[in-house]
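Q: Here is the input, now give the coordinates:
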Amino acid sequence: MKALYSQLLIALIPVFLMSQEAYHVFPEDHKQTPGSTSGDGSVQYPWNLQTALNQSSEKVKDGDTIWLHEGIYNGRFVSTLKGSSLNKIVVAAYKNEKVVLNGNVPSDRTSVLEVRGGHVEFKNFEITFLDEFPRSMKDKGFKVVGGINHVSGEDCKFINLQIHNTPGSGFGSWKRAGGSTIESCIIFHNGYYSKRRGSGVGIYVQNESNKIRLIKNNIIFGNYYKGIEVWSDNSNAKQEYVKNITIDNNVLFNSGLPSGKPRDNLIIATNDNNGINIAKNIKVINNIFYHNTNLGIEIENTQAPSVTLGFNKKALVRDIEMSNNLIIGRKDAIRFLYIKSLRFTNNVVYSGYIRFNKDVMNHITPSLWKFASNTYYTRSSRPIRIEGFKDYSLIEWRSIYGIDRNSRGKNFTEFNFNSTINISKNEHKPNVYRVTLFNKEGKDVLVDFSNYQIKQGSTYIVKNIETDEVIISGKLSASKTVTVPMGNYNGTSKNFGVYKIHFSENGDVKNKSSILKRMFGWLF
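A: Just a heads-up that it's a prediction; the model follows:
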């Protein structure tokens, strides 16, 4: 059997070599093998990063991989790589090496990485501004520079990227980037002070394509303005391009915190006076939205919106689904402003009131508004507030508008959500989990991993998502539980926390690797 296996591996090697190529990139200041414009992409004569991203589809083909080796890549870069619908080109950090794209350099470009090509996958590296830089429009030398600017090219993937501390938005994903995915990224502390307010969002997303845009499993927090904007500010649009977007299993918290005013963790809307460019077919499922709040002591009478739907009464959002989300804010955690059709089910909301714009009353119909099985923790027995008009009890709300069947209203003091809100396995990094925790008193939380295939005795480290510093470490006991200390990590109140947990399973990492991996490790 072993002989047959070896023969099959040997037979497959030419196929791999013919179908895939690996190219190598090093920083230009690397001591042994500096990347250059004159390299050929080999390990001995590597490219610099911009040369690699300039390659034509005749040179770097779909299925090929461009490996970025460890180091700091100073510059602002543009990718024109183009894969195909059959296979993507991959641009990734080599193995577990730390790769940083530093945009804090003199340049006229307005993003650290601009993408203008389709069918490319970018993964496992960091995008930021290192050292000091001006962060206010009043400062000398200030310029708005974002992290990633995906201008064009469909079906790209952005996986396990860390985008932070840029004087602009973390990620601009524009209308000509249909079918693309942003997954398992950490996006934080992007933005700047404009003349009026904090500016710069985590993700700004549009889509003119019928292909679904997917934003999944990301952690987005502490950006200077909003978390995710599904949005267009164009007031005179001629076509629709804010549609067909799915936002699934993300954690968004404390948007606007660095600039001193809480902002929407998510807004879905457009500002089109023509009623043409309507935000539609947007799914928001299984997400956690949070702003710092006392949780159970009182609901502060200050603004801290987590989700807003609609903005311009001439551009009613429609075909919006919000299901299985946890939404936490202060007096206005969720705001329903200008909406034509909406499915709002199985959500848990902690807010002063469930707020509706007065204009909404003209559009609520049971055939277009599917409300059911929600739980509202508020400070009033009449939790439904039509702004400037009237507050309703849930019974009155159902009777008059015929919606919100099987929903429950509770006093905010009863809020006591399960301590482990969410455990999400990183599908692209073995044995890495994102854990979102809650404890009203800020006490340590016991996290149960018994439903996951992790061996007893495996070592673990719990990391701060912002700094990557180890908070605690240990070995997994027979109970398969890990005690995680709550704290003010990443600017949160002690009652809420998001962490990374890395496991290393003893016995799973074998000394013997396959012949193919030993000989051609770069393929993997």
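
Q: Please make it C-alpha for all contacts and neighbour counts, starting now.
A: Noted.

Q: At the geometric centre of this structure, which residue do we find?
A: The centre of the chain sits closest to residue 218, judged by Cα atoms, centre = their mean, with a distance of 3.0 Å.

Q: Now do the contacts for that one.
A: 182-187, 249-251 (Cα atoms under 8 Å, 6 or more residues apart in numbering).

Q: Quickly check those residues for the two that are furthest apart.
A: Longest distance between any two of the contacts of residue 218 is 14.7 Å, between 187 and 249; criterion Cα to Cα.

Q: what's the domain layout of the chain?
A: Here the domain parsing of the chain from automatic domain parsing is 226-417, 420-504.

Q: can you map out the strands along the stretch 1-150 of the chain?
A: Using DSSP state E, counting those that start in this stretch, the strands of the stretch 1-150 of the chain run over residues 22-25, 65-68, 71-74, 77-79, 89-93, 99-102, 111-116, 120-123, 126-128, 146-152.

Q: Columns mean pLDDT on top of the ones you listed, output as TSV?
A: Below are the strands of the stretch 1-150 of the chain laid out as TSV (pLDDT from 0 to 100):
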stretch	mean pLDDT
strand 22-25	98
strand 65-68	98
strand 71-74	98
strand 77-79	98
strand 89-93	98
strand 99-102	98
strand 111-116	98
strand 120-123	98
strand 126-128	98
strand 146-152	98
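
Q: can you list these in JSON lines and add distance to residue 363?
A: As requested, the strands of the stretch 1-150 of the chain are exported to JSON lines (distance: least, Cα to Cα, whole Å):
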{"stretch": "strand 22-25", "distance to residue 363": "56"}
{"stretch": "strand 65-68", "distance to residue 363": "51"}
{"stretch": "strand 71-74", "distance to residue 363": "52"}
{"stretch": "strand 77-79", "distance to residue 363": "45"}
{"stretch": "strand 89-93", "distance to residue 363": "47"}
{"stretch": "strand 99-102", "distance to residue 363": "48"}
{"stretch": "strand 111-116", "distance to residue 363": "40"}
{"stretch": "strand 120-123", "distance to residue 363": "42"}
{"stretch": "strand 126-128", "distance to residue 363": "44"}
{"stretch": "strand 146-152", "distance to residue 363": "35"}
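
Q: Rebuild those as CSV, extending it with mean neighbour count and distance to residue 464.
A: Shown next, in CSV, are those (neighbours: other Cα atoms under 10 Å; distance: least, Cα to Cα, whole Å):
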stretch, mean neighbour count, distance to residue 464
strand 22-25, 23, 29
strand 65-68, 24, 25
strand 71-74, 20, 22
strand 77-79, 21, 29
strand 89-93, 23, 21
strand 99-102, 23, 19
strand 111-116, 23, 25
strand 120-123, 22, 20
strand 126-128, 23, 16
strand 146-152, 25, 21
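
Q: Out of these, flag the one nearest residue 441.
A: Evaluated over these, closeness to residue 441 peaks at strand 126-128, with 34.5 Å, by Cα to Cα.

Q: Please list the outside residues in contact with the closest one.
A: Against strand 126-128 from outside (Cα under 8 Å, 6+ apart): 98-104, 112, 147, 161-166.

Q: quick check, nearest of those residues to residue 135?
A: Ranked by distance to residue 135 (Cα to Cα), the contacts of strand 126-128 are led by residue 166 at 8.7 Å.

Q: where does this protein have low pLDDT?
A: Low-confidence segments of the chain (pLDDT under 70): 1-19, 506-524.

Q: what are the ranges of the helices in it?
A: 2-19, 49-53, 394-401, 515-519 (DSSP state H).

Q: Return the list of helices and strands in contact with the longest strand seen in the chain.
A: Taking DSSP state E as the criterion, the chain has its longest strand at strand 496-504. Applying 3 or more Cα pairs under 8 Å, 6 or more residues apart in numbering; DSSP states H and E, we find strand 496-504 packed against strand 432-438, strand 459-464.
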